[in-house]
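Engineer: sequence? don't have it. structure:
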DNA sequence: ACGTTAACCTGACCCCGGGTCCGTTTACAA
DNA sequence: TTGTAAACGGACCCGGGGTCAGGTTAACGT
């Protein structure tokens, strides 16, 4: 809950970031209040919505009791808003992965930690369904520009690099993460596949990728 | 080249499909000509464009020497147009997979056929980059509603079902296909990853998933 | 306290692109 | 030739993301 990995202020583009140690006025209280209100309102709207596209910027502004301009002042565009939300919603998991207890945190054997992280990500997609869909749909390359993605990937790739060549490990990590992409999860769920079945398949996938490639190259 | 898997006429929603064996006027020549012109123009525009979003419906109409209404008459909406294009561009590969010679066609051992198909799909994403990006970006669940996807998935899942439980095989097939999604390929390419490296990683992934899971449950 | 100032707030407005509509044209059939 | 269903086309509509000019207010210096 504490010690955010990224100082929250960095998420807001505006607060004066001039030269080195000079002046820099304190951020206005109403600005802080508005940003919080906007994030809260947006989170609620996405949670309630089925289709992320039905959540309009103007709705968010209104729900937060602010003007539309304020939304764009704080988050610059739709992608920025969604990213900020994702950062919030993944904060807990990010902390657990970086310095939490095993199996998510460091210390657990790779064979347990990888599936644990992947399972957590799958649950994230299941629980924050609409928001995560919004993130993947938002503009070019969105899933990969998401700040959290870098963390997941470097963690997984690092763990795989004990079993595979570095380059392969990088790609395999991307592949594992692609297996829990929101629209895939959404598609399977809507086909009647249960969460349990998804988890089972995912475990199988992790196990396959983690198994030492006995045979030479293929 | 011959024997299209799906009669072309099915791709066009409009040509009269009333009751059983009755009348049904022959499709007008100009209609046929226009559809072909539109597809050709769209294919060219997508090929030339970097960002699929820069290809507008009006542009396509104009490039084909037709009115905007005509585009929508033939393909109903943007998604329809893109899907029709994808069907065209994948026709050759679809035929090769269904009744072509090994390793793509039936008959090759699974350990060769799966990586061959996946490599072909990766090449497709590399060569038809913009069109494939357009397809994945087009509306909700687009990659999975694409008619070709069903074929790739059923083929791969079928092959995997010799090695894995049926449910796992289904999911693993989706996971393999997710590993060649256009935006991932795009992201890696833009990071400087070469086509060769992608192919290598993909082979490694296929090999892992195809290896018999010796150990019991994970 | 109280002016000064820069940051903030707002919602009317702009813009653009997907999709629609209907008056006009045209290919086919009788 | 003529009747007619179907195709055509581009002016038009509309909704939503993003902008901006003008009013407001919280922080700072004195």
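Structural biologist: Happy to help now that I have it. No experiment lies behind these values; they were computed from the predicted model shown.
Engineer: where in chain A is pLDDT low?
Structural biologist: By pLDDT under 70, the low-scoring segments of chain A are A:1-23, A:214-218.
Engineer: need the residues of it near DNA strand D, please.
Structural biologist: Counting by CB under 7 Å from any atom of the strand, chain A comes close to DNA strand D at A:25-30, A:56-58, A:68-69, A:72, A:76-79. In short, each C-beta sits where N, CA and C put it, glycine included.
Engineer: could you rerun that using 6 Å?
Structural biologist: A:25-26, A:28-30, A:56-58, A:68-69, A:72, A:77-78 (CB under 6 Å from any atom of the strand).
Engineer: which residues are in contact with the residue most central in space within chain A?
Structural biologist: Per CA atoms, centre = their mean, the C-alpha nearest to the average position across chain A is that of residue A:148, at 4.6 Å. By CB atoms under 8 Å, 6 or more residues apart in numbering or on different chains, residue A:148 lies in contact with A:86-87, A:90, A:94.
Engineer: from residue A:210, how far off is residue A:152?
Structural biologist: Here the criterion is CB to CB, to the nearest Å. By it, residue A:152 lies 16 Å from residue A:210.
Engineer: please enumerate the strands of chain A.
Structural biologist: Counting by DSSP state E, one finds no strands in chain A.
Engineer: all the helices of it, residue numbers only.
Structural biologist: Secondary structure of chain A (DSSP state H): helices located at A:29-48, A:57-63, A:68-75, A:78-99, A:110-127, A:129-137, A:142-145, A:147-160, A:166-178, A:182-190, A:195-210.
Engineer: so for residue B:62, which of those helices sits nearest?
Structural biologist: Among these, the nearest to residue B:62 by CB to CB is helix A:129-137 (28.2 Å).
Engineer: tell me what the closest one is packed against?
Structural biologist: In terms of contacts (3 or more CB pairs under 8 Å, 6 or more residues apart in numbering or on different chains; DSSP states H and E), helix A:129-137 is packed against helix A:29-48, helix A:78-99, helix A:142-145, helix A:182-190.
Engineer: how about a cut-off of 6 Å?
Structural biologist: When contacts are defined as 3 or more CB pairs under 6 Å, 6 or more residues apart in numbering or on different chains; DSSP states H and E, helix A:129-137 packs onto helix A:78-99, helix A:182-190.
Engineer: how far does it sit from the chain's center?
Structural biologist: 10 Å (CA atoms, centre = their mean, to the nearest Å).
Engineer: what comes up buried for that helix?
Structural biologist: A:129-137 (16 or more other CB atoms under 10 Å in any protein chain shown).
Engineer: and the residues you listed, which is closest to residue B:206?
Structural biologist: Using CB to CB, these come closest to residue B:206 at residue A:136, 24.6 Å.
Engineer: contacting residues for that closest one?
Structural biologist: The contact partners of residue A:136, by CB atoms under 6 Å, 6 or more residues apart in numbering or on different chains, come to A:143, A:182.
Engineer: mind redoing it with 8 Å?
Structural biologist: Neighbours of residue A:136 in contact, by CB under 8 Å, 6+ apart: A:142-143, A:181-183.
Engineer: one more: residue A:192?
Structural biologist: Going by CB under 8 Å, 6+ apart, the list of residues near residue A:192 is empty.
Engineer: for it, give me phi and psi.
Structural biologist: phi 100, psi 0 (degrees, to the nearest 10).
Engineer: about what we covered before: who wins on neighbours among the residues of chain A next to DNA strand D?
Structural biologist: Counting neighbours by other CB atoms under 10 Å in any protein chain shown, residue A:78 leads the residues of chain A next to DNA strand D with 18 neighbours.
Engineer: measure that one to residue A:68 for me?
Structural biologist: To residue A:68, residue A:78 is 12 Å away according to CB to CB.
Engineer: same question for residue A:27.
Structural biologist: 21 Å.
Engineer: same thing with residue A:209?
Structural biologist: Residue A:209 is 45 Å from residue A:68, where distance means CB to CB.
Engineer: got it, and residue A:124?
Structural biologist: As judged by CB to CB, residue A:124 and residue A:68 stand 29 Å apart.
Engineer: same thing with residue A:171?
Structural biologist: 42 Å.
Engineer: could you do residue A:155 as well?
Structural biologist: 38 Å.
Engineer: next: residue A:59.
Structural biologist: In this structure, residue A:59 and residue A:68 are 10 Å apart, going by CB to CB.
Engineer: now residue A:104
Structural biologist: Noted for residue A:104: a distance of 39 Å to residue A:68, by CB to CB.
Engineer: residue A:96 too?
Structural biologist: Counting by CB to CB, the gap from residue A:96 to residue A:68 is 36 Å.
Engineer: repeat that for residue A:97.
Structural biologist: Separation of residue A:97 from residue A:68 (CB to CB): 36 Å.
Engineer: I'd like the helices of chain A laid out as a markdown table, including distance to DNA strand C.
Structural biologist: Below are the helices of chain A laid out as a markdown table (distance: least, CB to the nearest atom of the strand, whole Å):
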| stretch | distance to DNA strand C |
| --- | --- |
| helix A:29-48 | 4 |
| helix A:57-63 | 7 |
| helix A:68-75 | 2 |
| helix A:78-99 | 14 |
| helix A:110-127 | 26 |
| helix A:129-137 | 15 |
| helix A:142-145 | 18 |
| helix A:147-160 | 22 |
| helix A:166-178 | 27 |
| helix A:182-190 | 18 |
| helix A:195-210 | 31 |
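Engineer: could you say which one of the ones you listed comes nearest to residue B:197?
Structural biologist: Across the helices of chain A, closest to residue B:197 is helix A:166-178 (CB to CB), at 5.6 Å.
Engineer: can you pull out the residues in contact with the closest one?
Structural biologist: For helix A:166-178, contacts defined as CB under 8 Å, 6+ apart pick out A:114, A:118, A:121, A:149, A:152-153, A:156-158, A:160-161, A:163-164, A:184, A:205-206, A:209, B:175, B:178-179, B:181, B:184, B:188, B:193, B:197-198, B:200-202, B:204-205, B:208.
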